[in-house]
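# build me a model:
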Amino acid sequence: MYYQDEYISNSSDELKDSKNDGQEDNYSYKIRYEVNVPWRRYFARTIDLGLYSLIFTLLSVKLVQVSIREIGSFWMQLLDIIIGLTLMLFIEPLMLSKLGTTPGKWILGLRLRNYFGEKMTYGDAFERTFGVIKSGLGFNIPFYSLYRLYKSYEKCSEGRRLPWDEDCDYVLIDKKPLRIVGFLAIQLGGVMLTILLIFSMALPPNRGALTVEEFAENYNYVGRNYQIGTRTEYLNSEGQYVKAGNSANNGTTIIYDNFDSIKPQFDYQVEDGALKALTITYKVDNERQFSISPLSRLVVAMLAFSKADKEIGLFDLNYDENFIDKVNNLYDTYDFTIANTHITNQVNYKGYLTEYKNTLIPNDSADEHYYELQVRLEKVEN
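Here you go, the predicted model:
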């Protein structure tokens, strides 16, 4: 049951004495005026669950370097539920025992106290939180969770005590409209923060001056974003292609369809530990068969190198598209500067059908077939 925040003094003969432990609430017991607030409780819970989910997402993006495509996968959604409920199970009891409330409850004017108006112990709060997860949220199992929420709403709206609230009481401080404004502001802030986080995932994890190892991390990250290959090769810490299972296992796995036929050669120019220039070479000799295009791997390398420039911000939404438009022809030469990266190329070929601009298709009537592409990316001063 839920009660208004009205208390009588500790000196009442009808009440048990309670020791003032220096906490914010100096009372021993409450006059019980029942208040049913199922929707207020639900919205408070959505704020708290959103915060736990946000913590998981931040850790996934910033520490594990999960890509944009991976963050929306089934397994990431499942992990979000598991980790979110785990964080709730341990963090919420801590807040209830120390503060007597959670961020969502605080915003909407709710407090939790034990029978004598004191903050709950960690153990009691832990037991209560597990009860909420089990019987209130149904472990967030699809459909079953909706059923549990409905049954909880039904009991709460009828003024019946929920199973996990047997040893505690809700206190409703007030119903000021400002609390609704606070709730809406938090929801809007969460949406905006999520959007910013998604935008940030379009940028590689390492910005500014790069080491070769940081470039490799960027390459692997961008490759996952564009789903390049099928996960058996990656760039290791030395910036070289390695097959999965190799002892030089220091990268994030990215797999390619036909490793030997599409592997570009990377030549790194390093000064004082910083990567100053990268030369990428791709060569096909005497190949009369259709060749897998190197273009996608080249674009990944170019983006991994160029998007490290801090001049490229969160809201440069058309950067990738504009960049790809400049280099999307295997038979063209180009020379341009974007942000702090100067990009040039040289291309020599014979015996290929140039009308297929991003694919190497041999001309069967040609006597000779070769293709060589060299791309140079170089950091320039502002």
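# doesn't Gln346 fall inside a strand?
Yes - under DSSP: H, G, I helix; E, B strand; the rest coil, Gln346 falls within a strand.
# what is the neighbour count of it?
Look at Gln346: counted by other CB atoms under 10 Å, it has 11 neighbours. In short, each C-beta sits where N, CA and C put it, glycine included.
# elements contacting the helix or strand where Gly223 lies?
For Gly223, the element it lies in under DSSP states H and E is helix 212-225. Secondary-structure packing of helix 212-225 (3 or more CB pairs under 8 Å, 6 or more residues apart in numbering; DSSP states H and E): helix 68-71, strand 233-235, strand 265-271, strand 274-285, helix 295-306.
# for the third one, buried residues please.
Yep, that's strand 265-271 we're talking about. 266, 268 (16 or more other CB atoms under 10 Å).
# can you check the first one too?
Residues of helix 68-71 classed as buried by neighbour count (16+ other CB under 10 Å): 68, 70-71.
# pLDDT and distance to Arg41 for those residues - can I get that in JSON lines?
Output for the buried residues of helix 68-71, formatted as JSON lines (pLDDT from 0 to 100; distance: CB to CB, whole Å):
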{"residue": "Ile68", "pLDDT": "76", "distance to Arg41": "34"}
{"residue": "Glu70", "pLDDT": "81", "distance to Arg41": "34"}
{"residue": "Ile71", "pLDDT": "82", "distance to Arg41": "30"}
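# if we take the residues you listed, which one ends up nearest to Phe315?
Closest approach between those and Phe315, by CB to CB: Ile68, at 15.6 Å.
# does the closest one touch Ala202 like I think?
Yes - here Ile68 reaches Ala202: they are 6.7 Å apart, a contact under CB atoms under 8 Å.
# need the residues touching each of the two.
Contact with both Ile68 and Ala202 is made by residues Asn225, according to CB atoms under 8 Å, 6 or more residues apart in numbering.
# residue nearest the middle of this structure, spatially speaking?
Residue closest to the mean C-alpha point of the chain, counted by CA atoms, centre = their mean, is Thr57 at 3.6 Å.
# what's the helix or strand for that residue?
helix 38-62.
# check Phe266 and give its pLDDT.
In this model, Phe266 is scored at 92, pLDDT.
# make 108 the starting number, not 1.
Yep, numbering from 108; the last one is Phe373 now.
# hang on, it packs against Gln347?
Yes - between Phe373 and Gln347 a contact is recorded at 7.1 Å, counting by CB under 8 Å.
# so who does the residue lying closest to Ala411 once chain neighbours are set aside touch?
Computed as CB to CB, 6 or more residues apart in numbering, the closest residue to Ala411 that is not its neighbour in sequence is Asn325, at 3.7 Å. Contact analysis of Asn325 by CB under 8 Å, 6+ apart lists 311-313, 317, 411-412, 414-415.
# now Thr386, which residues is it bridged with?
Note on Thr386: beta-bridge partners by DSSP bridges are Asp374, Arg483.
# residues near it, how many?
Thr386 has 15 nearby residues by other CB under 10 Å.
# I figured it hits Leu480, correct?
No - at 11.0 Å, Thr386 does not count as touching Leu480 under the criterion of CB under 8 Å.
# quick check: the gap between the residue lying closest to Tyr333 once chain neighbours are set aside and Ile280.
Of all residues not flanking Tyr333 in the chain, Val407 sits nearest, at 6.3 Å (CB to CB, 6+ apart). Taking CB to CB, to the nearest Å as the measure, Val407 falls 54 Å from Ile280.
# cool, and Asp374?
Using CB to CB, Asp374 is found at 67 Å from Ile280.
# ok, back up a step: what is the nearest of the contacts of Asn325 to Glu428?
Set against Glu428, the nearest of those by CB to CB is Lys414 (12.9 Å).
# sec struct for the residue lying closest to the closest one once chain neighbours are set aside, please.
Using CB to CB, 6+ apart and skipping residues adjacent in sequence, the residue nearest Lys414 is Pro311, 5.4 Å away. Secondary structure, three-state DSSP: Pro311 is coil.
# with Glu485 instead?
Per three-state DSSP, Glu485 ends up strand.
# on that earlier part again, so Val407 and Ile280 - more neighbours on which side?
Val407 (24 against 15).
# got a list of what the more buried one touches?
Counting by CB under 8 Å, 6+ apart, Val407 has contacts 326, 329-330, 333, 335.
# from those residues, pick the one nearest Lys226.
For these, the nearest to Lys226 is Val329 (49.0 Å; CB to CB).
# against Asn435, how distant is the closest one?
Distance from Val329 to Asn435, counting by CB to CB: 16 Å.
# all strands of the stretch 208-357 of the chain, in order?
Assigned by DSSP state E, counting those that start in this stretch, the strands in the stretch 208-357 of the chain fall at 217-220, 276-279, 340-342, 348-350.
# just name the most buried of those strands.
strand 340-342 (a mean of 24; mean count of other CB atoms under 10 Å).
# burial check on the residue nearest to Ala446 when sequence neighbours are not counted, number of neighbours?
Nearest non-adjacent residue to Ala446, counting by CB to CB, 6+ apart: Asp416, 3.8 Å away. Neighbour count of Asp416, defined by other CB under 10 Å: 17.
# please consider this matter closed, and thank you.
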